[in-house]
Structures are given as C-alpha cells and as structure tokens.
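K.L.:
Okay, here's the prediction I keep looking at, along with the sequence it came from:
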Amino acid sequence: MKLIFLPSVLLVISNVHAFLYNELVQYIDSHKEEYVEVLRDWVEVESDSSDVLRRSDLHRMMEITAQKLRSLGGNVELVDIGEQELLDGQTLALPKVVTAQFGNDPDKTTVCIYGHVDVQPAKMEDGWDTDPYNLTDLGGNLYGRGASDNKAPVLAWIHAVEAYQALSMELPVNVKFVIEGMEETGSNGLDAMILAQQDTFFSDVDYIIISDCSWLSRRPALTYGTRGNTYFFAEVEGPNKDLHSGVYGGTVIEPMTDLIGILDTLISPSGKILIPGIREAVAPLSDEEWKMYQDIEFDIDDYKSKIGVSQLMYNNKVDLLAHRWRYPTVSIHGIEGAFSASGSKTVIPAKVTAKFSIRQVPNMDPAMVKKQVTDYLHSVFAKRKSPNKLKVTMIIGAKPWLADPSHPLYEAGKVAVKRVFGVEPDLIREGGTIPIARTFQDVTGKSIIMLPIGGFDDGLHSQNEKISRYNYVEGTKLFATYLNEVAQIKRSKV
C-alpha cells in the first residue's frame with residue numbers, strides 16, 4: 001500500500017524541500033574555503049597503506065578522521081581489526097576502522113557511507129609538478145595525493161552532515177560512516193569486521209553509499225558496477241647472488257630472461273588474454289548493455305588526448321567502454337629485483353619478481369583465476385626447461401560488484417544530480433576495483449549505490465592527482481541533497 005498525497009500537500013512538501021536546499025547551498029558556499037583548508041590538513045598526512053614505514057602516519061590519519069566526526073557529536077568508535085602479516089613473516093597492526101552514527105530514529109531510513117583515507121604512493125621524482133603532500137591550489141584545481149581518491153569525497157560527506165547540523169535542520173535520514181585505512185592494498189581486515197558486525201552496526205542499515213569513484217566525462221554520473229582484481233607475484237630465482245654479465249653472461253640461464261619469457265605469454269599485442277579459461281568465464285554483453293553504452297557521453301579523441309596516446313585498443317565507444325568496464329584485462333606493473341636506477345649496471349639479477357594483475361568481471365571467480373594463472377605459468381615455464389625456480393603467488397583476490405541501475409537508490413541519485421548540476425547523470429560502470437562493495441553486498445544483503453564526485457581527469461593513482469574546487473563544493477551539495485532524496489524512498493511505503 002502506498003501513501004497518497006493531495007496536490008496541495010505535495011506542493012507544500014516541494015516548497016519545504018526547495019527552502020531546505022537553498023539554505024544548505026548558501027551554507028556550503030559560505031564555508032568552501034574552510035573545506036579546502038580541512039582537505040589541505042588531510043592531504044598533508046602521508047597515509048600510504050602500501051608503505052609499512054608510513055604505518056604511524058596511517059594510524060594518525062584514522063585518529064584525525066575519528067576526531068572530525070566526534071566534533072560533530074557523532075557516536076564514534078575506532079574498531080580494532082587485527083594485524084597484517086608481511087611477506088617476511090613479521091606482523092604489523094592494521095589501522096583501526098572508524099565507525100560513526102548520527103541519528104537512530106527507527107522511523108527513518110538509515111544509510112551507511114563508506115570511504116577510505118589511505119592513499120597510493122607518491123613522490124616528486126615520480127613526475128609530480130607539485131609536492132604531492134602539500135595541497136596546491138592552481139587554476140581551480142586542488143592538487144595532492146588522495147585529494148580525489150578518497151579524502152575529498154569523505155570530507156564532502158562529513159561536511160554535508162555538518163551543514164544540516166549548523167542550520168539546526170534535522171537530518172532526513174540516520175547516517176552511519178565506515179571509513180577504513182587499507183583500501184589501496186585490498187581492505188585487509190575489513191571483510192572480517194563487516195561479518196562480525198552484520199547483526200549489530202549494520203543491522204538497521206537500509207542502504208550503503210560509496211563515493212570512491214569518478215565521473216566518466218564532464219557529465220555527472222552514477223556508478224552501478226566495478227571490476228574486481230586478482231594481483232599476482234611471479235618470482236623466478238636462479239643463482240645464489242647477483243652476477244657480473246661480463247663474467248657469467250652466456251654461461252647461466254638468467255632469471256630475468258625466464259621471467260620476461262613467461263610474461264610475454266599472458267596477453268597478445270591486440271589485448272587478448274591467452275590464459276585458458278579466463279575469457280570463457282565472462283558474462284556476455286547484452287543488447288540492453290550495448291544500448292546503455294551507446295547513450296553515454298564519452299569522447300574518444302578527448303580520452304586519447306588526456307592520456308597522451310595516438311592509438312587505443314578499440315576505435316568505437318561501445319567496444320572501448322565495454323573493455324574498460326566489463327571485460328577482464330591483464331596489466332603488468334613492474335619487476336622487483338631488476339636494475340631500475342639511472343645509469344648503467346651490468347648485473348644479472350639472481351631473483352626477479354614480476355607484479356601483474358587481472359581485473360575480474362562477472363562471472364569470474366578469483367579462486368579459479370588463481371588456479372588458472374598458476375597452472376598456466378608453470379606449464380609455460382616447464383617448456384623452457386630452465387633450472388631456475390618459479391613461484392606464483394596471488395596476494396589480492398577481489399570480486400567484481402554489480403547493482404541494478406533501476407533501483408530507487410539510482411532514481412534518487414538522478415533527482416539529486418538534476419537539482420544540483422541541472423543535467424541527467426550518465427549511468428556507468430567502473431574499470432577499477434572497490435573490494436568492499438562486493439563484501440557489503442554479500443554479507444549485509446543491502447542495496448548499494450556508488451555516487452561519485454571525482455572528475456574524469458583527476459588522475460587517480462597517477463601523478464598530479466587533483467580534485468577541482470567545483471566538484472568538491474558542488475559534490476558536498478549533491479551529498480546533502482541526496483540524503484533528502486533517499487529519505488523519500490521510504491515515504492512511498494507503509
């Protein structure tokens with residue numbers, strides 16, 4: 001049964017919403033410089049989760065996040081999620097997960113906002129034009145590591161709640177936060193925490209919102225799918241020490257030669273994955289998907305220009321988007337143990353380790369991919385008849401996530417985007433991986449939406465990462481507006 005509103009009542013509700021929106025917009029606009037300064041403080045913390053030497057900075061980042069939420073009067077906890085075992089067998093404390101709650105009205109919808117405050121590695125010598133840990137305001141953009149991924153979106157959500165409070169407006173929904181510090185390295189420990197709290201912290205959650213993603217173009221977007229990720233180390237070990245190529249070259253079977261040889265069998269020059277069983281597991285592209293991709297705003301020439309290439313794997317929009325979002329890919333990321341410094345060094349490395357990943361899509365399973373990759377590389381290596389030793393290890397096995405873009409959460413997103421930006425959003429998928437989305441879906445059974453505010457050219461994981469002032473401030477308005485629109489979903493039910 002649905003509630004029925006008379007037209008006059010609907011008009012009153014609409015006018016109230018407009019008044020609330022205008023008040024929120026004015027407040028957010030008047031505090032935008034303050035928002036930039038808070039982001040500056042957060043970017044300054046080198047919360048690189050991949051660098052164990054930065055773990056103290058990561059712990060400090062979690063404390064800063066918790067304190068920010070406490071300052072708004074939230075019920076905040078720092079949840080211990082245990083230890084991380086390093087490759088050398090040592091253990092290291094994982095950063096605690098920050099949880100917070102604002103409101104507990106049982107008659108209201110409860111949303112849970114997920115984000116992370118750890119970042120990818122960044123150094124000036126990597127090619128940054130500015131200090132990656134000193135937020136730099138240039139041309140309307142705020143440059144710094146983590147600015148877009150994911151510190152500004154986390155802050156935008158916090159500022160949205162803060163705006164309601166500052167104006168003495170009642171939050172239209174109960175709001176919970178889950179903010180972690182290990183997303184960039186696979187969300188270690190978070191799966192177990194969610195499982196442990198599914199009947200407590202998550203028991204009254206209706207919907208989960210994630211803003212750890214970006215628009216595809218200059219048009220705002222709503223994201224309904226992400227790829228998963230399996231990350232591999234392939235180690236080839238030979239002599240018991242590094243050797244001089246002039247003395248030993250031509251007499252030993254070199255580990256580097258073996259490693260490059262097997263890497264070359266992973267993928268063809270045209271991008272075809274050569275590992276048996278991978279492509280066969282992929283869900284076929286439906287006619288409905290093809291139509292959705294056809295309607296999305298995306299400029300191939302602009303895409304090429306942005307990344308500085310003259311040619312792409314595919315020349316039409318649908319094929320390119322499909323292979324970016326919903327087909328698996330193999331990427332080789334680096335070789336540890338190889339000589340990589342400037343200058344020349346005539347060394348034969350005794351042990352080298354390749355790092356590569358395969359992005360997962362429906363209906364692939366990480367456990368099966370691990371077996372397929374391991375068996376395949378060992379079979380290829382065996383054909384080389386090398387005396388060296390091969391070891392294949394999968395260190396990340398994150399599943400893909402897919403939502404229903406016709407769910408009311410997405411309809412509410414369309415309304416909020418239209419109100420703030422004046423345009424209809426694109427419905428898109430994401431080529432990257434947000435491991436926790438699938439966990440939330442599987443463990444809690446809650447519906448999820450990804451609501452991005454990051455720009456298409458923000459340079460996530462790359463040099464000169466940034467978020468524009470416009471996206472940061474207008475994104476805060478979007479989040480404040482979306483909380484109100486989500487509240488209307490429950491109003492239509494009895």
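P.N.:
Good, I have the coordinates.

K.L.:
which ones are touching L190?
P.N.:
Applying CB atoms under 8 Å, 6 or more residues apart in numbering to L190 gives the contacts I81, V97, E180, M182, I436, T439. Bear in mind the C-beta positions are built from the backbone N, C-alpha and C, glycine included.

K.L.:
ok, now L243?
P.N.:
Neighbouring residues of L243 by CB under 8 Å, 6+ apart: G249, V252, V347, I348, A350.

K.L.:
Report how many residues lie close to the last one.
P.N.:
The one in question is A350. By other CB atoms under 10 Å, 19 other residues sit near A350.

K.L.:
ditto for the first one
P.N.:
Burial of G249 is recorded as 12 neighbouring residues (other CB under 10 Å).

K.L.:
V347 is in contact with that one, correct?
P.N.:
No - between G249 and V347 there is no contact under CB atoms under 8 Å: 10.2 Å.

K.L.:
circling back to that earlier point, same list (the contacts of L243) but as a markdown table, adding distance to V117.
P.N.:
Output for the contacts of L243, formatted as a markdown table (distance: CB to CB, whole Å):
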| residue | distance to V117 |
| --- | --- |
| G249 | 48 |
| V252 | 47 |
| V347 | 40 |
| I348 | 42 |
| A350 | 39 |
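
K.L.:
a markdown table please, covering these and showing distance to P362, pLDDT and secondary structure.
P.N.:
Supplementary listing: the contacts of L243 in a markdown table, determined by distance: CB to CB, whole Å; pLDDT from 0 to 100; DSSP: H, G, I helix; E, B strand; the rest coil:
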| residue | distance to P362 | pLDDT | secondary structure |
| --- | --- | --- | --- |
| G249 | 48 | 94 | coil |
| V252 | 45 | 96 | coil |
| V347 | 44 | 95 | strand |
| I348 | 44 | 96 | strand |
| A350 | 41 | 97 | coil |
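
K.L.:
OK, contacts around the nearest residue to G140 once chain neighbours are set aside?
P.N.:
Among residues not flanking G140 along the chain, R469 sits closest, at 5.3 Å (CB to CB, 6 or more residues apart in numbering). Residues near R469 by CB under 8 Å, 6+ apart: K32, V36, D137, G140, N141, L142.

K.L.:
What is the nearest of the contacts of L243 to E288?
P.N.:
For those, the closest approach to E288 (CB to CB) belongs to A350, at 53.6 Å.

K.L.:
quick check: domain ranges of the protein?
P.N.:
7-226+400-491, 230-283+326-398 (automatic domain parsing).

K.L.:
Which of the ones you listed has the highest mean neighbour count?
P.N.:
Comparing the domains of the chain by mean neighbour count (mean count of other CB atoms under 10 Å), domain 7-226+400-491 ranks first with a mean of 19.

K.L.:
State the mean pLDDT of it.
P.N.:
Per-residue pLDDT over domain 7-226+400-491 has a mean of 93.

K.L.:
all helices in the stretch 351-494 of the chain, in order from the N-terminus.
P.N.:
Taking DSSP state H, counting those that start in this stretch, the helices of the stretch 351-494 of the chain run over residues 366-383, 408-421, 435-439, 469-491.

K.L.:
Can you tell me which helices and strands the shortest one packs against?
P.N.:
Going back to what we said before, that points to helix 435-439. Under the contact definition 3 or more CB pairs under 8 Å, 6 or more residues apart in numbering; DSSP states H and E, helix 435-439 sits against helix 190-196, strand 228-237, strand 389-398.

K.L.:
about what we covered before: mark which of the contacts of R469 are part of helices, please.
P.N.:
Per DSSP state H, helices hold the following members of the contacts of R469: K32, V36.

K.L.:
Report the two of the contacts of R469 separated the most.
P.N.:
Using CB to CB, the two most remote members of the contacts of R469 are K32 and N141, lying 14.2 Å apart.

K.L.:
circling back: put together TSV for the helices and strands packed on helix 435-439, with distance to W290 on each row.
P.N.:
Listed next are those as TSV, based on distance: least, CB to CB, whole Å:
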stretch	distance to W290
helix 190-196	34
strand 228-237	22
strand 389-398	26
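
K.L.:
L39 and G432: what is the separation?
P.N.:
In this view, L39 and G432 are 22 Å apart by CB to CB, to the nearest Å.

K.L.:
which residue packs closest to I158, ignoring adjacent ones?
P.N.:
Once flanking residues are discounted, I158 sits nearest to K68: 6.1 Å by CB to CB, 6+ apart.

K.L.:
check which helix or strand covers that neighbour.
P.N.:
Here K68, judged by DSSP states H and E, is contained in helix 55-70.

K.L.:
quick check: angle from the following helix or strand past that helix to helix 55-70?
P.N.:
Sequence-wise, the next helix or strand downstream of helix 55-70 (DSSP H and E) is strand 75-79. Between strand 75-79 and helix 55-70, the angle comes out at 160 degrees (axes from the mean of the first three to the mean of the last three CA atoms, to 10 degrees).

K.L.:
Going C-terminal from strand 75-79, what's the next secondary structure element?
P.N.:
Note on strand 75-79: by DSSP H and E, the next helix or strand toward the C-terminus is strand 83-85.

K.L.:
From the rest of the structure, what touches that next one?
P.N.:
Contacts to strand 83-85, defined as CB under 8 Å, 6+ apart, come from residues T91, L92, A93, L94, M182, N188, G189.

K.L.:
and which of those residues is nearest to M61?
P.N.:
Of all the contacts of strand 83-85, M61 sits closest to M182, with 11.3 Å by CB to CB.

K.L.:
can you pull the contacts of the closest one?
P.N.:
Residues in contact with M182 (CB under 8 Å, 6+ apart) are S49, Q84, L94, P95, H116, D118, N188, G189, L190.

K.L.:
and the residue nearest to the fourth one when sequence neighbours are not counted, how far is that from G189?
P.N.:
In space, not counting the residues next to it along the chain, P95 is nearest to G181; the distance is 3.4 Å by CB to CB, 6+ apart. Distance check for G181 against G189: by CB to CB, it reads 10 Å.

K.L.:
Common neighbours of the two, please.
P.N.:
L94, V97.

K.L.:
my read is I332 is in a helix, agree?
P.N.:
No - according to DSSP: H, G, I helix; E, B strand; the rest coil, I332 belongs to no helix; its state is strand.

K.L.:
Quick check: bridge partners of the residue lying closest to it once chain neighbours are set aside?
P.N.:
Among residues not flanking I332 along the chain, F356 sits closest, at 4.5 Å (CB to CB, 6+ apart). Assessed by DSSP bridges, F356 has beta-bridge partners F232, I332.

K.L.:
What pLDDT is listed against F356?
P.N.:
On pLDDT, F356 comes in at 97.

K.L.:
Touching, it and F232? I think so.
P.N.:
Yes - in this structure, F356 is within contact of F232 by CB under 8 Å, at 5.5 Å.

K.L.:
got the residue ranges for the strands in the stretch 1-150 of the chain?
P.N.:
Under the criterion DSSP state E, counting those that start in this stretch, strands of the stretch 1-150 of the chain are mapped to 75-79, 83-85, 91-93, 97-102, 110-116, 136-138, 141-143.

K.L.:
can you redo these as JSON lines with distance to D204?
P.N.:
Shown next, in JSON lines, are these (distance: least, CB to CB, whole Å):
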{"stretch": "strand 75-79", "distance to D204": "13"}
{"stretch": "strand 83-85", "distance to D204": "30"}
{"stretch": "strand 91-93", "distance to D204": "30"}
{"stretch": "strand 97-102", "distance to D204": "10"}
{"stretch": "strand 110-116", "distance to D204": "5"}
{"stretch": "strand 136-138", "distance to D204": "40"}
{"stretch": "strand 141-143", "distance to D204": "36"}
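
K.L.:
Please consider this matter closed, and thank you.
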